[in-house]
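Asks: Next comes the sequence, and after it the predicted model I'd like to discuss.
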Amino acid sequence: MTKVLALSEAIAKFVNDGDTVYAAGFTHLIPFAAGHEIIRQGKKNLTLARATPDLIYDQMVAAGCAKKVIFSYMGNPGVGSLRIVRSAIEKGQLEWDEYSHFGMITRLQAGASGLPFLPMNQTGAADLEKANPNIKRIADPFGGKDVIVVPALNPDVAIVHVQRADANGNSHLWGIIGEQKEAAFAAKKVIVTAEEIVDESVIRSDPNRTMISEIVVSTVCHVPFACHPSYAQGYYDRDNEFYLAWDKVSESAEATKQYLDDWVFGVKDRNEYWQKLGAETHKRLEVPDLMSEPINYGRY
Amino acid sequence: MSEIKYSSAELMIINAARLLRDGDVVFVGVGQPNLACNLAKRTHAPNLVMIYEAGVIGAEPARLPLSIGDPTLVSGSLSVVSMYDIFTNYLQRGNVDVGFMGGAQIDKYGNINATVIGGYDSPKVRLPGSGGSQEIAAWANRCYIMTPHQKRRFPEKVEFMTSAGFIGGRGDREKAGLRGGGMLAVVTDIGIMEPDESGEMMLTQLHPGKTSEEARANTGWDLKSASSVGTTDPVTESELRILRDELDPTGIYLKGAS
């Protein structure tokens, strides 16, 4: 049974106002197309969870989709401040729940494993533990040092972009894999967006590369170039110029609104967005091939 | 021989690179720490293993990485693993020798604030937060930081402890049972500070032409000097050439601030 839907249908069907959404991807494979579709559909009161909110959540917060963020590093990677999320927090307009990267992914790992919580070793830096009641210290029942525990995070929806998936959602991804797998297994519903939808035989040709199983996937959307200005390893490069440009755009509410009008509301879908970027940008983000050596699974 | 000219950033990067040993497994950050590690690898530490918190092990970036998750880190690396694996199997398990830290403030005991200025619940300036640094500071064997020597960056006590140095003194770090050795060097544009037996950062080396008065005037606590303060080796033409021509040819991290 195919689970393929248009991205607009998938967002309408699986993302509800008030949901906790985890749009996965550590710098790599960030699902911007889905974020933009959520903005276009005017979803509200979302809790947006990501280790690094990145520009995608800056834009979603600017568009008024969010009531809360859960994060572990709030910056514009390689550039500086994530201005809109930061300013909303400083002005008291946005709730937040904060961890270290390890705390954040440990929450997801607990969620993905079906556990109520997971322990981590102590770090000696107790200020976040004092500030966040979700970070607790408990005795090691086996007599060692106290450990720090964080509760499972089970998002209502995870959005995970992959290089290739079959129509049922079995997904191959490579390059930086961040917290993609944990987010998918932790979430109640999973939207996979893919650069390519491939035949199941392609997935079966390299089963070790299948990081996400059809068992947990709700829907699959074919969305080439879904990550821009982030990237898909081997498909297109990260648009660092855009990350730098956003630093300026996000300084002003007017420029941000203009951006959203032009590049989110002003286009129908990701294909229109990609065409609007133009040939020069396409060319700039092209990546020469670097193939891996094939491996032999053997015919048994 | 004509005098070699260099920026404060180049001075700090070169001195930070010299702290790395051949064969070290180092947790690298983007920007200046990345340049320091790549410089060390191309000079005295060819067997340096660079780990990036995005999950890349043994990266050999062909171009200057512009973010912690730059695709150039992946292509040609030894291994790529999930974030959970990098923080557990590699860092928490004790497989990382060196952590390069960053942060807005660093205090007398080498503690770092990368979280907030003003109260946590009503922040005056909200900084990015921990990222990987809380755990790197706790579990890497040796931690280093490079930052311009300015009073506002070196308060007596950080307003928020994102990552632990020696906390309130060496005994505190031992009590907390952290596996790593803590903040072992703060490289600035004036010199190098290292912890004394109590864990307090003291001035141990000055860059050529710098004075301990300058260092004291730009430090927020009563900065002590080691019984004999050394002088760092002069920056060499070859270190500068690698930095400028090979690693950061457009000057993204070598120019600009500091």
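Replies: Thanks, I have the structure now.
Asks: Only C-alpha atoms from now on, for both contacts and neighbour counts.
Replies: OK.
Asks: Show me chain A divided up by domain.
Replies: Domains of chain A are assigned by automatic domain parsing as A:7-106+A:155-284, A:117-151.
Asks: now, of the ones you listed, which is deepest in the fold?
Replies: Greatest average neighbour count among the domains of chain A goes to domain A:7-106+A:155-284 (a mean of 21), per mean count of other Cα atoms under 10 Å in any protein chain shown.
Asks: related to what we said a few turns ago, the domains of chain A into TSV, with extra columns for distance to B:Gly94 and mean pLDDT?
Replies: Listed next are the domains of chain A as TSV, based on distance: least, Cα to Cα, whole Å; pLDDT from 0 to 100:
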stretch	distance to B:Gly94	mean pLDDT
domain A:7-106+A:155-284	15	97
domain A:117-151	12	97
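Asks: With distance to chain B added, can I get these in CSV?
Replies: Output for those, formatted as CSV (distance: least, Cα to the nearest Cα, whole Å):
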stretch, distance to chain B
domain A:7-106+A:155-284, 4
domain A:117-151, 5
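Asks: Take those and lay them out in TSV including distance to B:Gln205.
Replies: Output for the domains of chain A, formatted as TSV (distance: least, Cα to Cα, whole Å):
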stretch	distance to B:Gln205
domain A:7-106+A:155-284	31
domain A:117-151	28
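Asks: Tell me which of these lies nearest to B:Ile136.
Replies: Shortest distance between B:Ile136 and these, using Cα to Cα, is found for domain A:117-151: 8.8 Å.
Asks: got a list of contacts for the helix or strand that A:Leu260 is a member of?
Replies: With elements taken from DSSP states H and E, the one containing A:Leu260 is helix A:253-260. Helix A:253-260 has contacts (Cα atoms under 8 Å, 6 or more residues apart in numbering or on different chains) with A:Gln59, A:Ala62, A:Ala63, A:Val249, A:Ser250, A:Gly266.
Asks: want to try TSV for these, with distance to A:Ser171 and secondary structure as columns?
Replies: TSV is the format used below for the contacts of helix A:253-260 (distance: Cα to Cα, whole Å; DSSP: H, G, I helix; E, B strand; the rest coil):
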residue	distance to A:Ser171	secondary structure
A:Gln59	27	helix
A:Ala62	31	helix
A:Ala63	30	coil
A:Val249	35	helix
A:Ser250	34	coil
A:Gly266	31	coil
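Asks: which two from these end up farthest apart in space?
Replies: It's A:Ser250 and A:Gly266 that sit farthest apart of the contacts of helix A:253-260, by Cα to Cα, at 18.2 Å.
Asks: and residue 170, what does it touch?
Replies: Defaulting to chain A. Listed by Cα under 8 Å, 6+ apart, the contact set of A:Asn170 reads A:Ile203, A:Thr210, A:Met211, A:Ile212, A:Ser213, A:Glu214, A:Val217.
Asks: Can you look at chain B instead?
Replies: Neighbouring residues of B:Arg170 by Cα under 8 Å, 6+ apart: B:Glu197, B:Ser198, B:Gly199.
Asks: okay, how far is it across stretch A:148-164, tip to tip?
Replies: Between the opening and closing residues of stretch A:148-164 there is a gap of 37 Å (Cα to Cα, to the nearest Å).
Asks: swap in stretch B:230-239?
Replies: Start-to-end span of stretch B:230-239 (Cα to Cα) is 21 Å.
Asks: quick one: average pLDDT of that stretch?
Replies: Averaging pLDDT along stretch B:230-239 gives 97.
Asks: what do you get for stretch B:157-164?
Replies: For stretch B:157-164, the per-residue pLDDT averages 97.
Asks: where in the stretch 1-150 of chain B is pLDDT low?
Replies: B:1-2 (pLDDT under 70).
Asks: All the strands of it, in order from the start?
Replies: Using DSSP state E, counting those that start in this stretch, the strands of the stretch 1-150 of chain B run over B:25-28, B:49-52, B:56-57, B:79-80, B:98-101, B:105-106, B:112-113, B:116-118, B:123-126, B:142-146.
Asks: With distance to B:Glu156 added, can I get those in a markdown table?
Replies: Formatted as a markdown table, the strands of the stretch 1-150 of chain B follow (distance: least, Cα to Cα, whole Å):
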| stretch | distance to B:Glu156 |
| --- | --- |
| strand B:25-28 | 27 |
| strand B:49-52 | 31 |
| strand B:56-57 | 36 |
| strand B:79-80 | 40 |
| strand B:98-101 | 19 |
| strand B:105-106 | 8 |
| strand B:112-113 | 11 |
| strand B:116-118 | 14 |
| strand B:123-126 | 19 |
| strand B:142-146 | 17 |
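Asks: Out of those, which is closest to chain A?
Replies: Proximity to chain A (Cα to the nearest Cα) singles out strand B:123-126 among the strands of the stretch 1-150 of chain B, at 5.6 Å.
Asks: So which elements touch that closest one?
Replies: For strand B:123-126, the packing partners by 3 or more Cα pairs under 8 Å, 6 or more residues apart in numbering or on different chains; DSSP states H and E come out as helix A:83-90, strand B:116-118.
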